[in-house]
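**Student:** Just a sequence and a predicted model for now, questions to come.
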Amino acid sequence: MSALASRVHALRLADDVLAGGDLIAPAFRELRASVMLHREASFTEETGRALLVQVGELGQIVGWIASDAGRLADAERAYRVGLDAARQAEDAPL
């Protein structure tokens, strides 16, 4: 879980210095991998909730990156994935 949190943080920092077009492919790759991990892995309820929080944050960041790249439909899709994950995790602020 901490590895995923580190990658989410790294994308957030990279978004501050790199153009969206440079980050969009790795960002969506991370989002897809995180969603698949949640769907396919076995874990405790607490770990599942923590994973959903990370997916929610990742969806938000990937949405920012896609918006920066001018890919608004992709941004909306990423935001929806993040919002769905945050709701499932019962993380209202996210």
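**Tutor:** Looks like it came in fine.
**Student:** Every contact and neighbour count from this point should use C-alpha atoms.
**Tutor:** Noted.
**Student:** Residue nearest the middle of this structure, spatially speaking?
**Tutor:** For the chain, the residue nearest the mean C-alpha position is residue 58 (1.7 Å; CA atoms, centre = their mean).
**Student:** just checking, it touches residue 32?
**Tutor:** No. If you go by CA atoms under 8 Å, residue 58 and residue 32 don't touch, sitting 10.0 Å apart.
**Student:** who's in contact with the residue nearest to the centre of the chain?
**Tutor:** Taking CA atoms under 8 Å, 6 or more residues apart in numbering, we find residue 58 in contact with 8, 30-31, 82.
**Student:** Now do the same for it: helix, strand or coil?
**Tutor:** Under DSSP: H, G, I helix; E, B strand; the rest coil, residue 58 falls in the helix class.
**Student:** ok, and the helix or strand in the chain with the lowest average confidence?
**Tutor:** In the chain, no helix or strand scores lower on mean pLDDT, DSSP states H and E than helix 2-17, which sits at a mean of 80.
**Student:** quick one, phi psi at the residue of the chain most remote from its centre?
**Tutor:** Distance from the C-alpha centroid of the chain, by CA atoms, centre = their mean, peaks at residue 44 (20.4 Å). With angles defined as degrees, to the nearest 10, residue 44 sits at phi -70, psi 170.
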